[in-house]
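*Asks:* structure of the sequence below:
(one chain, ligands or ions: 1)
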Amino acid sequence: MELLGILSPPWWLLLLLLPALLLWAMHRSPWEPHKCPADLTGKTVIVTGANSGIGKCVAMDLARRNARTILACRSQERGQAAVEEIRAATGNPAVVLRLLDTGSLASVRAFASAVLREESRLDVLVNNAGVTGLPFAITSEGLEQTFTINYLGPFLLTNLLLDLLKASTPARVVNVSSFRHSVGTADSAFLTGQRCPGGYDAAYNSTKLMNVLFTAELARRLEGTGVTANALSPGVVSTSIMRHFSWPVRALFSLLRPFMKSAEQGAASTIFCAVSEEAAGITGKYFDSSCRLALPSAAARDAALARKLWEASERLTGLTEQGHPPAPPPAAAGAA
Ligand SMILES: NC(=O)c1ccc[n+]([C@@H]2O[C@H](COP(=O)([O-])OP(=O)(O)OC[C@H]3O[C@@H](n4cnc5c(N)ncnc54)[C@H](OP(=O)(O)O)[C@@H]3O)[C@@H](O)[C@H]2O)c1
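*Replies:* As a prediction, the model looks like this:
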């Protein structure tokens, strides 16, 4: 009888209400895009992987702020559908599609050439495109596919667009990472598949660590130019990111969907880094999914590791052969 008393409606209600409140609190962000008045009239932005999930919500928000919004997508069909949806929802006719496959350095170079030829400015570059769950495999360019899509392609793209960003200051580079960077390893031998990271979804985690290391080293090299670079975690977001996993993993992910952030909620930290007044002038940092400055993992703060990864990436993408200016000397050890 006493046990039945404990299980009577008020206790059940409390048990249900507590996790619901917890999730609600986790979904709430102290910074909400719709309350930010930033207007981007006359500015140009690029969002990679903008045809779905977080990237589409980011592009939608920036287009609503009147930016010339370039959706950098690998599929003409999916990209054009997103362009039309965003144009219709925002009334902004300056929403355009350009094809980009971040998993191909040739595609990155072609995309960057077209941007440099046709655009007079670039105010915000959002490196959002990403995949997880692909097999460890080498592309026709001799690079590992997940590492190229998530890290090396965006590394090359950013470097090729740097002069345009510098000519449009104040400008921002925003790199979409993940809280999972903290279990990644940054070994440049992964980039060519010479070594394979061990552990579940280890390639993805490692690319997300590389995103944070890249951001720190980029910010160091850009000091004093008026171009900032920051990385962020969107949180756990209900998108199609898990589509390459086996069906049992996808099924488990589906069960958890109701407890995750929506793509709109997940886009907040990216939009914060891209447009907010609060983030203006901040560089080389990592923001959590609540748009708060956060300390990334110890590996992500290793300045020597960031520099080593940068140099390996420069060699692999051929950037050094193009006579890029030498990097400024590193600051005191451990400053990243
Ligand atoms: N969802 C989460 O919980 C979560 C958590 C932490 C971080 N993130 C990060 O958030 C970013 C966006 O992911 P999402 O959750 O919005 O997933 P999503 O819905 O799958 O979106 C990923 C986007 O990237 C594009 N993409 C993939 N490979 C590409 C390539 N080779 N070249 C160009 N575009 C490519 C996809 O285009 P296609 O349609 O052509 O495939 C798609 O538009 C990723 O960087 C992801 O790592 C997500």
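*Asks:* all helices in the stretch 151-300 of the chain, in order from the N-terminus.
*Replies:* With DSSP state H, counting those that start in this stretch, the ranges of helices along the stretch 151-300 of the chain come out as 153-166, 202-221, 247-256, 263-266, 268-275.
*Asks:* reformat those as a markdown table; add mean pLDDT.
*Replies:* As requested, the helices of the stretch 151-300 of the chain are arranged in a markdown table below (pLDDT from 0 to 100):
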| stretch | mean pLDDT |
| --- | --- |
| helix 153-166 | 98 |
| helix 202-221 | 98 |
| helix 247-256 | 88 |
| helix 263-266 | 96 |
| helix 268-275 | 98 |
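*Asks:* just checking, L100 touches C73?
*Replies:* Yes - under the criterion of CB atoms under 8 Å, L100 is in contact with C73, at a separation of 6.7 Å. Bear in mind the C-beta positions are built from the backbone N, C-alpha and C, glycine included.
*Asks:* ok, stretch 215-234 near the ligand or not?
*Replies:* Yes - contact of stretch 215-234 with the ligand is found when judged by CB under 6 Å from any ligand atom, involving 233-234.
*Asks:* highest average neighbour count across the helices of the stretch 151-300 of the chain?
*Replies:* Here the criterion is mean neighbour count by mean count of other CB atoms under 10 Å, and of the helices of the stretch 151-300 of the chain the winner is helix 268-275, at a mean of 28.
*Asks:* and that helix, what does it pack against?
*Replies:* Packing contacts for helix 268-275, counted by 3 or more CB pairs under 8 Å, 6 or more residues apart in numbering; DSSP states H and E, involve helix 53-64, strand 124-127, strand 171-176, strand 227-232, strand 286-287.
*Asks:* any idea which of these gets closest to K261?
*Replies:* Distances from K261 to each of the helices and strands packed on helix 268-275 were compared using CB to CB; the shortest belongs to helix 53-64, at 9.4 Å.
*Asks:* average pLDDT for that closest one?
*Replies:* For helix 53-64, the per-residue pLDDT values average out at 98.
*Asks:* which positions in the stretch 1-150 of the chain make contact with the ligand?
*Replies:* Applying CB under 6 Å from any ligand atom, we find that the stretch 1-150 of the chain lies next to the ligand at 48-49, 51-55, 73-75, 78, 100-103, 128-131, 149.
*Asks:* out of those residues, list just those in helices.
*Replies:* Taking DSSP state H as the definition of helices, those contribute 53-55, 78.
*Asks:* for the residue most central in space within the chain, which non-adjacent residue is closest in space?
*Replies:* The centre of the chain sits closest to V176, judged by CA atoms, centre = their mean, with a distance of 1.6 Å. Spatially, and ignoring its direct neighbours in sequence, V176 is nearest to N128 (4.5 Å; CB to CB, 6 or more residues apart in numbering).
*Asks:* could I get the contacting residues of the one you found?
*Replies:* N128 makes contact with 47-50, 54-55, 58, 174, 176, 270, according to CB atoms under 8 Å, 6 or more residues apart in numbering.
*Asks:* A106: neighbour count?
*Replies:* Here the count is done by other CB atoms under 10 Å, and A106 has 10 residues near it.
*Asks:* just the CA trace of the strand or helix carrying it, in PDB.
*Replies:* Assessed by DSSP states H and E, A106 sits inside helix 105-118. These are the backbone C-alpha positions of helix 105-118, laid out as PDB (Å, rounded to 0.1, in the frame of the first residue of the first chain):
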ATOM      1  CA  LEU A 105      40.700  20.100 -53.100                       C
ATOM      2  CA  ALA A 106      40.100  20.600 -56.900                       C
ATOM      3  CA  SER A 107      36.500  21.600 -56.100                       C
ATOM      4  CA  VAL A 108      37.700  23.900 -53.300                       C
ATOM      5  CA  ARG A 109      40.100  25.600 -55.600                       C
ATOM      6  CA  ALA A 110      37.500  26.000 -58.400                       C
ATOM      7  CA  PHE A 111      35.000  27.400 -55.900                       C
ATOM      8  CA  ALA A 112      37.500  29.800 -54.400                       C
ATOM      9  CA  SER A 113      38.600  31.000 -57.900                       C
ATOM     10  CA  ALA A 114      34.900  31.800 -58.800                       C
ATOM     11  CA  VAL A 115      34.400  33.700 -55.600                       C
ATOM     12  CA  LEU A 116      37.600  35.700 -56.000                       C
ATOM     13  CA  ARG A 117      36.600  36.500 -59.600                       C
ATOM     14  CA  GLU A 118      33.000  37.400 -59.000                       C
END
